[in-house]
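Colleague: sequence below, structure please.
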Amino acid sequence: MPMLPDSLRSLAHALTVAALVLAGLILGKEILAPLFAAAVIAFILAPLVSWLHHRGSPRGVAAAFVMVVFVSTLGLLLTAFSAQVISLTADMSLYTENLVRKVRDITGPGNADGVIARAMKSISVLDRELRRELQTGGIVSNGGSGGTASTSQAHTGSGIGLQDLMPPIAGVSLMLVFTTFLLVQFQDMRDRLLRVGGVDNLSVTSAALEAAADRLSHLFALQAVLNGAFGAFIGVALAIIGVPHALLWGGATVLLRFVPFIGSILAAGPPLVLAAGVASGWSMVLETIALFTIGEVVISQIIEPRYLGKSAGISPLAFILAASFWTMVWGPVGLILAAPLTTLAVVAGQFVPQLEFVTVLLGDAPPLTPVQEFYHRLVSNDPIAALLQFRSVAETSSRVAAGEEVVLPALHLAAIDSRLGRIDGAKVQDIGKVVEEFTDMLKVDERAERQLKVASNGMKRVAVIAARGRLDEMATSVVAEILRLEVDWVVLDPAMGSGLTALGGLMQALGAREPDCLVIVTITDNISPVLRIIEHKAKSALANADIVVCRPSVTTGGPTEGGDGIFTLAKLVNHLTSKQQRQNSVPLDSAPVPASSTKDAA
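Modeller: The predicted structure follows:
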């Protein structure tokens, strides 16, 4: 016998793999970050390459043309942004006075010892030291010596050296090479992934890759277009308001909006500070706040839901965690790539069963199906939440559909758990109490009055009994309540117990008057012998009654395989309704006289 259970071994293996992956991401940052950035850019540019390729251009030529246009545009933008950054750096000293005045207006003259006041004092000291350093050129006098050291210090303090520029230049160059390769070798890479994934199920794997590629290309391309349009709008609007270096802030908005939820907040920060430093009043600050607020509301609440919908499929909490992780691993580049990388992981989990947990943890789709959610509410002793969910489903479809598609399948899950020993008898009794409260709350005030009216009109009567066990009794009470609300029959109260016990109790309560229909309800699997016995006894005791079985379609050998006498809840309602309509359509003078009436007359 192994010393460690299999679960602990699996956990140890998973933690080992996670540690190796994390170490690989950190150590391989210089290669992996450009590669993933290239993949995102390739998804954005792939529709353009495909468009040119479908119009007769060779794929290599189309990819080269698109890359030339992309690199040229990127170069122009980088040049313009560099000029803006240099100009902003040169003008920063002009905005200090207005910033200090506005901070004083906020903190007040009596808060000289406050945190903000101390922070501003520290900034002022730093500003004076920086100005003194710039005025002296970074040269420190050390008597007659130190000329070489002074020159060296001046050189180091004068700006950024070539060695500082080499890593980002190498990263951008590597990203462009990867992007070109991915665009040109797209089909070859797809075939290799198919081969790695296995050729036994080639059609399904190919469809999954095509769907994932199309979805991500559509998502990233549309997001790039919308972010570009929003950034252009912000740049033009800031220029009209009078905020300096509007082109720089528009470009920063384009990049930062790839970070969901907080991207616009990050993009709005620097322009707000600059607006506070430029103008002596508060009007420019308020206009900038209004610009970003209104623009973000319009694009995130109106435009993006219409064109993007929920294509990203990332929950807010999951994205915050993912953004924190990628920022920790790759820094600012990881923050920008967090949304695309998380989207890739969510989409991969939808097609790869081993990665399904990623989609469940990070995606925004409901983690539980409606049936599982209802069952969870039964298990957690929450009848009010169960009723609210039932009403929510009933509002969009019907009460019958809610019972057929949610309630009865949830009880079927309980039957499976009971058979497998996952829940004990005490828990089954607790679920029964919740179902009893749930069915009590299902009753409407007009139900009793409606049933009396139905009885006074001489409508047919239907009796409902459970086939076997406590869970079938719960399903019986639910079916009886829904029938009371949906059909013009007198629905008799279910007899206590199940099986032959319930049938005997029903016969004793009915006396001489038989019901027109007897419904045997079950939600468990493989009880055909039990049903045959109950049906045989019922036919012997109720010679004139229509005897049917109601069971959910999720059971094995369910209604679709059980013959004419086995119905789902929806089909049962239709069956009883049609029988009542046929009775109502028969003229009174031609209707046959019941046998019981003949005996009474005699």
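
Colleague: would you mind giving the domain segments of the chain?
Modeller: Using automatic domain parsing, the domain parsing of the chain gives 10-89+218-362, 372-585.

Colleague: now those as TSV including mean pLDDT and mean neighbour count?
Modeller: Where you see a C-beta, it was placed from the backbone N, CA and C, and this is true even at glycine. Output for the domains of the chain, formatted as TSV (pLDDT from 0 to 100; neighbours: other C-beta atoms under 10 Å):
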stretch	mean pLDDT	mean neighbour count
domain 10-89+218-362	82	17
domain 372-585	81	18
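
Colleague: can I get these in JSON lines including distance to D188?
Modeller: Below are the domains of the chain laid out as JSON lines (distance: least, C-beta to C-beta, whole Å):
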{"stretch": "domain 10-89+218-362", "distance to D188": "10"}
{"stretch": "domain 372-585", "distance to D188": "42"}
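
Colleague: for E210, which of the ones you listed is the nearest?
Modeller: domain 10-89+218-362 (10.5 Å; C-beta to C-beta).

Colleague: any idea how far the closest one is from the middle of the chain?
Modeller: 20 Å (C-alpha atoms, centre = their mean, to the nearest Å).

Colleague: first-to-last residue distance for it?
Modeller: 22 Å (C-alpha to C-alpha, to the nearest Å).

Colleague: also stretch 462-476?
Modeller: Rule used - C-alpha to C-alpha; the end-to-end distance of stretch 462-476 is 13 Å.

Colleague: run the chain-centre distance for it.
Modeller: Worked out by C-alpha atoms, centre = their mean, stretch 462-476 lies 37 Å from the chain centre.

Colleague: same question, stretch 364-374
Modeller: Using C-alpha atoms, centre = their mean, the offset of stretch 364-374 from its chain centre is 11 Å.

Colleague: contacts for that stretch?
Modeller: By C-beta atoms under 8 Å, 6 or more residues apart in numbering, the surrounding residues in contact with stretch 364-374 are 310, 313-315, 318, 359-360, 376, 386, 389-390, 393, 405-407, 409-410, 413.

Colleague: now with 6 Å, please.
Modeller: Applying C-beta atoms under 6 Å, 6 or more residues apart in numbering, the contact partners of stretch 364-374 are 313, 315, 360, 386, 389, 406, 409-410.

Colleague: thought L542 was touching E514?
Modeller: Yes: counting by C-beta atoms under 6 Å, L542 does reach E514; the two are 5.1 Å apart.

Colleague: can you report phi and psi for the most centrally placed residue in the chain?
Modeller: The structure's the chain has its C-alpha centroid closest to D364; by C-alpha atoms, centre = their mean the separation is 1.1 Å. Backbone torsions of D364, given as degrees, to the nearest 10, read phi -100, psi 0.

Colleague: and the one 5 residues further on, by the same measure?
Modeller: Here is the backbone geometry of T369 (degrees, to the nearest 10): phi -70, psi 160.

Colleague: now V462
Modeller: phi -130, psi 130.

Colleague: tell me which element the closest residue to P340 other than its chain neighbours is part of?
Modeller: By the measure of C-beta to C-beta, 6 or more residues apart in numbering, the closest residue to P340 outside its immediate chain neighbours is V40, 4.3 Å from it. Applying DSSP states H and E as the criterion places V40 in helix 29-54.

Colleague: could you do I465 as well?
Modeller: With DSSP H and E as criterion, I465 is part of strand 461-466.

Colleague: could you check how far that strand is from the centre of its chain?
Modeller: Strand 461-466 sits 42 Å away from the centroid of its parent chain (C-alpha atoms, centre = their mean).

Colleague: give me the contact list for it.
Modeller: In contact with strand 461-466 (C-beta under 6 Å, 6+ apart) are residues 472-473, 476, 479-480, 489-492, 494-495, 498, 502-503, 506, 515-521.

Colleague: show me those residues that map onto helices.
Modeller: 472-473, 476, 479-480, 502-503, 506 (DSSP state H).

Colleague: Serialize the residues you listed to JSON lines and add fields for distance to G263.
Modeller: Output for these, formatted as JSON lines (distance: C-beta to C-beta, whole Å):
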{"residue": "D472", "distance to G263": "54"}
{"residue": "E473", "distance to G263": "55"}
{"residue": "T476", "distance to G263": "55"}
{"residue": "V479", "distance to G263": "52"}
{"residue": "A480", "distance to G263": "55"}
{"residue": "A502", "distance to G263": "63"}
{"residue": "L503", "distance to G263": "67"}
{"residue": "L506", "distance to G263": "66"}
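
Colleague: quick check, nearest of those residues to P270?
Modeller: V479 (64.0 Å).

Colleague: from A570, how far out is the closest one?
Modeller: Note on V479: its distance to A570, by C-beta to C-beta, to the nearest Å, is 11 Å.

Colleague: ditto for A80
Modeller: 64 Å.

Colleague: and what of S283?
Modeller: In terms of C-beta to C-beta, S283 sits 64 Å off from A570.

Colleague: also L378?
Modeller: For L378, the distance to A570 - C-beta to C-beta - is 22 Å.

Colleague: again, but for N227
Modeller: Counting by C-beta to C-beta, the gap from N227 to A570 is 47 Å.

Colleague: repeat for M175
Modeller: M175 is 57 Å from A570, by C-beta to C-beta.

Colleague: ok, now V297?
Modeller: The value you get for V297 to A570, if C-beta to C-beta is used, is 43 Å.

Colleague: pLDDT wise, what is I160 at?
Modeller: In this model, I160 is scored at 54, pLDDT.

Colleague: distance of V243 from W282?
Modeller: 14 Å.

Colleague: ok, now A323?
Modeller: 32 Å.

Colleague: then R257?
Modeller: 26 Å.

Colleague: can you check L174 too?
Modeller: From L174 over to W282 (counting by C-beta to C-beta), the distance is 46 Å.

Colleague: give me the three-state assignment for I547.
Modeller: strand (DSSP: H, G, I helix; E, B strand; the rest coil).

Colleague: begin at 17 from now on, thanks
Modeller: Shifting the count to begin at 17 puts that one at I563.

Colleague: from what I see, it and S556 are in contact.
Modeller: No: in this structure, I563 is not within contact of S556 by C-beta under 6 Å, at 10.7 Å.

Colleague: tell me which element F373 is part of?
Modeller: Here F373 is assigned to helix 372-378, by DSSP H and E.

Colleague: which strands and helices sit next to the helix with the most length in the chain?
Modeller: For the chain, the longest helix by residue count, based on DSSP H, is helix 218-257. Applying 3 or more C-beta pairs under 6 Å, 6 or more residues apart in numbering; DSSP states H and E, one finds that helix 218-257 contacts helix 45-70, helix 202-213, helix 262-272.

Colleague: cutoff 8 Å now
Modeller: For helix 218-257, the packing partners by 3 or more C-beta pairs under 8 Å, 6 or more residues apart in numbering; DSSP states H and E come out as helix 45-70, helix 202-213, helix 262-272, helix 279-294, helix 299-314, helix 320-323, helix 348-367.

Colleague: what's the closest of the contacts of stretch 380-390 to Q366?
Modeller: Distances from Q366 to the contacts of stretch 380-390, taken by C-beta to C-beta, are shortest for G329, at 8.5 Å.

Colleague: which SSE is the residue lying closest to D398 once chain neighbours are set aside in?
Modeller: Distances taken as C-beta to C-beta, 6+ apart place V450 nearest to D398, at 7.4 Å, with adjacent residues excluded. Assigned by DSSP H and E, V450 falls within helix 441-458.
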